[in-house]
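S.K.: coordinates for the following, if possible.
(one chain, ligands or ions: 2)
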Amino acid sequence: MNEHNAQTAGWNFDTSYTRLPELFYTLMAPSSVRAPSLVKLNERLASSLGLDAKALAKSDEGAAVFAGNRVPEGASPLAQAYAGHQFGHFTMLGDGRALLLGEQITPAGDRFDIQLKGSGRTPYSRRGDGRAALGPMLREYIVSEAMHALGIPTTRSLAVAATGEKIYRETELPGAVLARVAASHLRVGTFQYAAQWGAADDLQALADYAIARHYPDLPSGDGRYAALLQAVCSRQAALIAKWQLVGFIHGVMNTDNMTISGETIDYGPCAFMDSYDPATVFSSIDTHGRYAYGNQPNIAAWNLARFAETLLPLLHEEEERAIGIAEAELVRYFDVYRGEWLAGMRAKLGLFGEEEHDQALAEDLLSLMQKHHADYTNTFRALSAEGTTESGPMLFGTADFGQWRERWRARLARQEQSHEESRRLMRASNPAVIPRNHRVEEALAAAVERDDLSVMERLLATLADPYAYSPEQEEFSVVPAPSGPYRTFCGT
Ligand code: AMP
Ligand code: MG
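M.R.: Ligands and ions are numbered 1, 2, ... in the order given. Coordinates of the predicted model:
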């Protein structure tokens with residue numbers, strides 16, 4: 001085993017997905033690329049997966065494997081089939097430019113999907129070229145790793161390999177492949193695919209697989225699938241609350257981009273909000289604000305309703321009863337969401353215990369931030385530093401904020417915990433840095449246009465410890481000069 005691992009850089013694959021019914025995937029190898037090279041390797045993540053980071057970085061092994069030119073021992077590459085509602089419209093999708101290599105079993109016994117994204121055409125590519133560009137793959141790398149460091153469940157980024165080939169979007173761009181690590185790639189859309197095109201057995205096999213992988217402690221027996229629905233709703237409620245609390249906007253919350261595990265997935269046109277405004281939209285094609293910041297909790301519920309619909313045949317043999325069970329779980333989603341959000345807001349404000357008016361206190365601050373165009377992250381950052389610094393955002397000089405601050409201070413004074421304890425709670429809950437768009441773009445421009453990875457490395461280093469409040473983080477918290485709304489694009 002060890003000798004074998006040494007030869008294969010520590011790969012230790014299981015391929016449980018291939019034991020699902022065949023309609024769920026297509027076995028196939030990645031297409032080879034002309035000149036693979038390793039652009040970025042996540043050495044710490046590699047080590048935690050049981051991989052030999054040094055070997056992967058040094059030899060041509062890393063480049064060959066992560067570009068798709070060499071299939072590691074024990075892997076069984078496949079494209080996953082799935083469907084999904086895209087901006088409300090139901091479509092057959094599937095991995096059109098990605099392949100699951102298999103599931104790496106770590107030294108700790110955990111199981112993680114290793115997926116190559118940008119690895120060539122598959123039967124699900126439709127009109128796409130199966131490829132990805134270097135900039136967007138590095139962007140996913142930066143933002144997903146930042147999310148992880150913020151403590152938000154997310155897929156992670158193991159490596160980015162350049163292909164040495166050009167791809168064609170609006171312009172000619174360098175091609176790349178991202179190696180993505182996930183608890184699994186099961187999506188709401190995978191269940192929609194099963195419900196639409198599978199038999200009853202296929203749906204049940206998928207549900208049992210999801211339970212075994214993500215919710216192994218659910219009770220067996222009759223209420224099993226209702227418990228699955230409840231567990232997925234709870235994890236998503238907790239996830240979306242975390243997004244809202246850090247000002248993260250996913251941008252494309254289609255049902256194929258919502259995981260069963262409760263991890264954030266698919267970093268396309270996502271971004272962090274600068275000045276607070278619930279109507280903030282980043283995706284250039286989201287013209288109706290379907291996926292705007294303030295709409296994310298509702299859209300998640302909409303997606304979960306689509307998930308619940310797929311489970312109806314498993315919830316109860318009588319449809320009416322099944323619908324009743326599903327509806328009860330969806331109502332619970334909002335309760336869990338509101339509870340998680342309020343608990344998170346209390347922490348952001350340094351509040352211990354619970355008082356009746358805590359929610360109003362938090363909401364009133366948000367209203368003031370919106371009214372005065374205050375930066376979301378920096379407002380909480382400055383509140384966390386209160387007492388240690390005199391400087392604050394412009395918001396702090398306004399009369400209505402002054403009144404709010406009196407209420408906040410009175411609330412703090414009513415709790416037995418010290419100011420120091422409050423400040424510690426706030427600093428652990430309010431990031432000093434987030435991946436600001438202009439910083440991410442600057443890092444990508446250096447990497448893609450000038451082959452200079454140093455800007456990205458500095459950014460990654462500061463984002464790796466977002467609650468540090470270190471002096472080096474000061475410059476990364478500067479907000480961009482106003483230059484019209486930021487737009488990210490789907491042409492990734
Ligand atoms: P996304 O918007 O990244 O969630 O992708 C939606 C669907 O389009 C998925 O089925 C992707 O696999 C597919 N897709 C996106 N880009 C490409 C591409 N360049 N070639 C083939 N399929 C793609
Ligand atoms: Mg997707």
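
S.K.: tell me the helix or strand right after the longest helix out of those in the chain.
M.R.: Ordering each helix of the chain by length in residues (DSSP state H) puts helix 319-348 first. Proceeding N to C from helix 319-348, the next assigned helix or strand is helix 358-371, under DSSP states H and E.

S.K.: and the closest residue to ligand 2 within the chain, what does it touch?
M.R.: Nearest residue of the chain to ligand 2, counting by C-beta to the ion: Asp266, 4.1 Å away. From N, CA and C alone the C-beta is placed, and that goes for glycine too. Going by C-beta atoms under 8 Å, 6 or more residues apart in numbering, Asp266 touches 250, 252, 257.

S.K.: apply 10 Å and report the result again.
M.R.: Counting by C-beta atoms under 10 Å, 6 or more residues apart in numbering, Asp266 makes contact with 117, 140, 144, 155, 180, 185, 187, 250-254, 256-259, 492.

S.K.: which of those are close to ligand 1?
M.R.: Contacts with ligand 1 within the contacts of Asp266, as defined by C-beta under 6 Å from any ligand atom: 252, 256-257.

S.K.: from those residues, which land in helices?
M.R.: Per DSSP H, the ones next to ligand 1 among the contacts of Asp266 never map to helices.

S.K.: what about the residue of the chain closest to ligand 2, distance to Val281?
M.R.: Going from Asp266 to Val281 by C-beta to C-beta, to the nearest Å gives 17 Å.

S.K.: between the ones next to ligand 1 among the contacts of Asp266, which has the most around it?
M.R.: Counting by other C-beta atoms under 10 Å, Asp256 has the largest number of neighbours within the ones next to ligand 1 among the contacts of Asp266, with 24 neighbours.

S.K.: wait, isn't that residue in contact with His89?
M.R.: No: if you go by C-beta atoms under 10 Å, Asp256 and His89 don't touch, sitting 11.7 Å apart.

S.K.: next secondary structure element downstream of the helix or strand harbouring Arg213?
M.R.: Per DSSP H and E, Arg213 falls inside helix 200-214. Going down the chain from helix 200-214, the next helix or strand is helix 224-246, by DSSP H and E.

S.K.: gap between that next one and the chain center?
M.R.: 14 Å (C-alpha atoms, centre = their mean, to the nearest Å).

S.K.: low-confidence ranges in this protein?
M.R.: Scanning the chain for pLDDT under 70 picks out 1-8, 386-391, 482-492.

S.K.: what are the phi and psi angles of Asp113?
M.R.: Torsion angles at Asp113 (phi, psi; degrees, to the nearest 10) stand at phi -60, psi 140.

S.K.: for Glu309, see how far away the closest residue to it other than its chain neighbours is.
M.R.: Leaving aside its sequence neighbours, Asp113 sits nearest to Ala182 (C-beta to C-beta, 6 or more residues apart in numbering; 4.5 Å). Counting by C-beta to C-beta, the separation of Ala182 from Glu309 is 24 Å.

S.K.: more neighbours: the two, which one.
M.R.: Legend: neighbour count by other C-beta under 10 Å for Ala182 and Glu309, higher for Ala182 (21 against 15).

S.K.: need the contact list for the more buried one.
M.R.: Neighbouring residues of Ala182 by C-beta under 10 Å, 6+ apart: 100, 103, 112-115, 144, 154-156, 259, 261, 263-265.

S.K.: report the secondary structure state of Ala35.
M.R.: Following DSSP: H, G, I helix; E, B strand; the rest coil, we place Ala35 in the coil state.

S.K.: phi, psi for the residue nearest to it when sequence neighbours are not counted please.
M.R.: Spatially, and ignoring its direct neighbours in sequence, Ala35 is nearest to Gly164 (2.6 Å; C-beta to C-beta, 6+ apart). Here is the backbone geometry of Gly164 (degrees, to the nearest 10): phi 70, psi 10.

S.K.: also the one 3 residues further on?
M.R.: Recorded main-chain torsions at Ile167 are phi -120, psi 160, according to degrees, to the nearest 10.

S.K.: that one: neighbour count?
M.R.: Ile167 has 18 neighbours, counted by other C-beta under 10 Å.

S.K.: got the contact list for it?
M.R.: Contacts of Ile167 (C-beta under 10 Å, 6+ apart): 118, 129-134, 173-176.

S.K.: what does the chain have sitting close to ligand 1?
M.R.: Residues of the chain found near ligand 1 (C-beta under 6 Å from any ligand atom) are 93-97, 124-125, 128-131, 252, 256-257, 266, 268.

S.K.: which of the residues you listed sits closest to Ser76?
M.R.: Nearest to Ser76 among those: Asp95, at 14.1 Å, using C-beta to C-beta.

S.K.: tell me the secondary structure at that closest one.
M.R.: When classified by three-state DSSP, Asp95 comes out as coil.

S.K.: look up how far Val246 lies from it.
M.R.: Separation of Asp95 from Val246 (C-beta to C-beta): 29 Å.

S.K.: tell me if Glu165 really is in a strand.
M.R.: Yes: counting by three-state DSSP, Glu165 falls inside a strand.

S.K.: can you get me a residue count around it?
M.R.: As a burial measure, Glu165 scores 14 neighbours (other C-beta under 10 Å).

S.K.: check contacts around it.
M.R.: Glu165 neighbours (C-beta under 10 Å, 6+ apart): 33-36, 67, 131, 174-176.

S.K.: would CSV of these with neighbour count be doable?
M.R.: Shown next, in CSV, are the contacts of Glu165 (neighbours: other C-beta atoms under 10 Å):
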residue, neighbour count
Val33, 24
Arg34, 11
Ala35, 11
Pro36, 23
Ala67, 31
Arg131, 24
Pro174, 19
Gly175, 23
Ala176, 31
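
S.K.: can I get the residues you listed in TSV including distance to Gln80?
M.R.: Output for the contacts of Glu165, formatted as TSV (distance: C-beta to C-beta, whole Å):
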residue	distance to Gln80
Val33	21
Arg34	26
Ala35	28
Pro36	23
Ala67	20
Arg131	18
Pro174	26
Gly175	22
Ala176	21
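
S.K.: quickly check those for the two that are furthest apart.
M.R.: So, the contacts of Glu165 by C-beta to C-beta: farthest apart are Ala35 and Arg131, at 14.3 Å.

S.K.: wait, what's in contact with Trp243?
M.R.: 147, 152, 249-250, 253, 264, 270, 272, 293, 296-297, 300.

S.K.: I meant Leu425, not that one.
M.R.: The contact partners of Leu425, by C-beta under 10 Å, 6+ apart, come to 346-352, 384, 417.
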